[in-house]
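Enquirer: the sequence and its predicted three-dimensional model are supplied below.
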Amino acid sequence: MTTTTSAPSLADVTASDAALRRFLHGLPGVDQVGAEARAATLATRSIKTTAKRFALDLAIRMVDLTTLEGQDTPGKVRALCAKAQRPDPTDPSCPPVAAVCVYGDLVPVAVEALRGSGIRVAAVATAFPSGRAPLEVKLADVRAAVEAGAEEIDMVIDRGAFLAGRYLAVHDEIVAVKEACGDAHLKVILETGELATYDNVKRASWLAMLAGADFVKTSTGKVSPAATLPVALVMLEAARDFRDRTGRRVGVKVAGGIRAAKDAIRYLVIVNETCGDDWLTPDAFRFGASSLLNDLLMQREKTVTGRYAGPDHFTLD
Amino acid sequence: MSDRLSVRKTYKLFVGGAFPRSESGRSYEVRSADGRFLANAALASRKDARDAVVAARKAFPGWSGATAYNRGQVLYRVAEVLEGRRAQFVAELVDAEGLTPREAERVVDAAVDRWVWYAGWSDKLHQVRGSSNPVAGPYFDFSVPEPTGVVAVVAPASPLLGLVSVVAPVIVTGNTCVVVASERAPLPAITLAEVLATSDVPGGVVNVLTGRVAEIAPWLASHMDVNAIDLTGVGDPELATELEAAAAENLKRVVRPPEDEPDWAADPGLDRMTAFLEIKTVWHPVGT
C-alpha cells in the first residue's frame, strides 16, 4: 500500500510558523453547504419518551452553569452553586450539573459553596472575553484562578493573531496557558463567531488540540453568532479526527445562544452521530449555559408529571 | 368567466399573531347547520396549545403594561374592523347556525356592540373594582385590580356573539388568552382572528385554536403557565369536572360552565371581567 505524501508527524507541525501554516492549510476543506445540510438533517431527528428522558438528564449533567456578568456578586454565585447541586429541589432524582463557570475573582466563593459536591469550578481567564492583554497578564490571570481553586480554565485565543495568520503565536500562547494551568483542565474558546469560515473553525480547533487543549469551546457568549449546529459539527469532526490520529480525546463545549432543551438535544444527536455514543459524557461534551438549565428542567418536569411546566416554578438566575 | 375556479380556503390557527398550520398537520371538515361542506379547519394538537400559551405569555407584559386608555383604543379599532367584515360574518352565521340573513345581521350587530361595550370598560373598571380603604393607622390604603395573566378560554357554541362575549372581557383588563373555538362552527372565530391580526392588537394577546375541545382543553387546564381557565364552552359535565380538577394543580382561577347555554344577547354585567382579575392592595405610609 502506498501512501501519497506521508502525513507529517504531529510533533513536527508545530516546529515553525511555516510548518504549522502548511499543516493547517493542508487540512481538507470544510464543505460549507454539506456541513449545514448535514447539521440541518440531524436536527430533524425525533427524540421521544425514554430517549428524551435520557437526553434531558444527560444534558443537565453536561451543563456548565455560567454567570459572566459585570454585575455578578458573591450572593449570586452562591445561589447559582446551590442550583448547580440540586437543579430541581422538588425532585431528588434530578442530576447535578457538571460545573459552575464564573469570573476568576469569584472562584473562591464558588469553591467554598461547592466543596464536597463533586461539581467542578470553572473560571474564565486570559482577559476574557476579548483576550486583548499582554501574555504575562493572561498567565497571571490563569495562575490566580488555579491558585484560588479552579479546576477548569476557559481561555480565549488571540483571534487577531489567528486571523492575521500568526498561528504559531496562538499556539505558543495556548501552550503557555496550559502550562500555567497545571492540573486544571484547559478549555480553549475559539470564538467561532469571529472566525468567519468553517475552514477557520477547523484550523483553530486543530491548533488548540495540537497545543494541548482538553476542550475546545465555540464561543464566549459575548459575540453573536455564538454556537451553531454546523460549527459544533465541524468542531466535533475535528475532535474525532484528532482522536483517530493521536488517541487523545479532546472534548467539545458549545456555549452561547442555547436556550431551549430542544436545541440541546439536537447537539446531542450531532455528538452521537459524529463521534459515537462513548462521547455522550460530561467529560467529552459540555453546554455553557444559564437559561438553558431552566428549560431542561421544565421539559424534565413535563416528562415526569405529564403536564406542561411553567417558568414561574423555577428560579430566575 | 363562468369557468373560474373557486378559491377553496383551508383555515389555519392563529398563534402569536401568525397563522400557522397545526403542528400535527391535521385538519377537519367544517359543515354547515344543514350538513353542507364549508371548509377545512386546522385540528389543533396539544403542541399547538403549548405554543399558544408561550405566545400568550410573551405578549402579557406588553399588553398588561399598556395604559388602559391605549388598550381601549386598540379594542375600539377592532370593533371598526369587525364592522368592516360584517357581510362575511353574516354569511358565516347563516351557514353555521342556519339563521336567516336578517337574524344573522342582528347577531353580528350585537357582537360589534358587545365588543364596543367591553372596550369602553378598559379605563373604567378600575374605578368600579378598585377602592381606597379606611384603615386604623397612618396609611393611605388602596386596592387596584390587575390582570390575572394567561387565560385559557373554551369558547361557547354560539360562534360569534358567544365568542366575543368571552374573549373581550378577558383581554380588556390586560390578560392574554388562548381560545379554543367552537368545535362545530370555528369559521367565525378564524375570521375574528383575521380581524385581530389586521387591527392593532399585539400578536399573542389572542390566540385561536380550532379542533376538539376534549383533546386540547385538558392540556390547557393542567398547564402550569396558565393562570385561569374559562370553561364556558365545555358541554360535557364530566369533562368539565376533570378540567376543574386539573386546573386546581396550580390554583388556576376557574369559570365553571353554565347549566344551560346562556342568553348571549342579555346584558353581560361585569362578572366575566372581574373573574380574571387579581386585587392588589397597597399600604402607603402617610406623614403624621
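Expert: Sure thing, it's come through. Residues are numbered from 1 along each chain as shown, chains lettered A, B, ... in the order given.
Enquirer: and the closest residue to residue A:306 other than its chain neighbours, how many neighbours?
Expert: Once flanking residues are discounted, residue A:306 sits nearest to residue B:222: 7.7 Å by CB to CB, 6 or more residues apart in numbering or on different chains. Every residue, glycine included, has its C-beta placed from N, CA and C. Other residues near residue B:222 come to 22 when the count uses other CB atoms under 10 Å in any protein chain shown.
Enquirer: ok, how many other residues are close to residue 185?
Expert: Assuming you mean chain A. 19.
Enquirer: wait, I meant chain B there
Expert: Residue B:185: 27 neighbours (other CB under 10 Å).
Enquirer: how about residue B:210?
Expert: For residue B:210, the neighbour count with other CB under 10 Å is 29.
Enquirer: would you enumerate the residues in contact with the nearest residue to it once chain neighbours are set aside?
Expert: Ranked by CB to CB, 6+ apart and with sequence neighbours excluded, the top spatial neighbour of residue B:210 is residue B:186, at 4.0 Å. Contact partners of residue B:186, counting by CB atoms under 8 Å, 6 or more residues apart in numbering or on different chains, are B:11, B:30, B:41, B:159, B:210.
Enquirer: can you give me the neighbour number for residue 150?
Expert: If you meant another chain, say so; for now it's chain A. Residue A:150, neighbours per other CB under 10 Å, totals 28.
Enquirer: chain B was what I was after
Expert: Per other CB under 10 Å, the neighbour tally for residue B:150 reads 30.
Enquirer: quick check on residue B:203: phi, psi?
Expert: Dihedral angles of residue B:203 (phi, psi; degrees, to the nearest 10) stand at phi -60, psi 140.
Enquirer: now residue B:281
Expert: According to degrees, to the nearest 10, residue B:281 has phi -110, psi 130.
Enquirer: what number of residues lie near it?
Expert: Using other CB under 10 Å, the number of residues around residue B:281 comes to 12.
Enquirer: so it touches residue B:133, yeah?
Expert: Yes - contact criterion CB atoms under 8 Å: residue B:281 and residue B:133 qualify, at 7.2 Å.
Enquirer: any common contacting residues for those two?
Expert: Residues touching both residue B:281 and residue B:133 by CB under 8 Å, 6+ apart: B:141, B:142, B:143.
Enquirer: among these, which one has the most neighbours?
Expert: The most crowded member of those, judged by other CB under 10 Å, is residue B:141 (16 neighbours).
Enquirer: what about the residue in chain B positioned nearest to chain A, which SS state?
Expert: Relative to chain A, the nearest point of chain B is residue B:225 (3.1 Å; CB to the nearest CB). Three-state assignment for residue B:225 (DSSP: H, G, I helix; E, B strand; the rest coil): coil.
Enquirer: where does the stretch 201-317 of chain A come near chain B, residue by residue?
Expert: Residues of the stretch 201-317 of chain A lying close to chain B by CB under 8 Å from any CB of the partner chain are A:306, A:307, A:308, A:309, A:310, A:311, A:312, A:313.
Enquirer: as JSON lines, those residues with pLDDT and secondary structure would be great.
Expert: Formatted as JSON lines, these follow (pLDDT from 0 to 100; DSSP: H, G, I helix; E, B strand; the rest coil):
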{"residue": "A:306", "pLDDT": "91", "secondary structure": "coil"}
{"residue": "A:307", "pLDDT": "93", "secondary structure": "coil"}
{"residue": "A:308", "pLDDT": "94", "secondary structure": "coil"}
{"residue": "A:309", "pLDDT": "93", "secondary structure": "coil"}
{"residue": "A:310", "pLDDT": "90", "secondary structure": "coil"}
{"residue": "A:311", "pLDDT": "89", "secondary structure": "helix"}
{"residue": "A:312", "pLDDT": "88", "secondary structure": "helix"}
{"residue": "A:313", "pLDDT": "88", "secondary structure": "helix"}
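Enquirer: ChimeraX command to pick out the buried ones of those residues?
Expert: To isolate the buried subset of those in ChimeraX, counting by 16 or more other CB atoms under 10 Å in any protein chain shown, use the following:
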select /A:307,308,309,310
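Enquirer: how about the residues of the stretch 201-317 of chain A next to chain B in JSON lines, adding distance to residue A:174?
Expert: As requested, those are arranged in JSON lines below (distance: CB to CB, whole Å):
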{"residue": "A:306", "distance to residue A:174": "48"}
{"residue": "A:307", "distance to residue A:174": "48"}
{"residue": "A:308", "distance to residue A:174": "45"}
{"residue": "A:309", "distance to residue A:174": "42"}
{"residue": "A:310", "distance to residue A:174": "44"}
{"residue": "A:311", "distance to residue A:174": "39"}
{"residue": "A:312", "distance to residue A:174": "44"}
{"residue": "A:313", "distance to residue A:174": "43"}
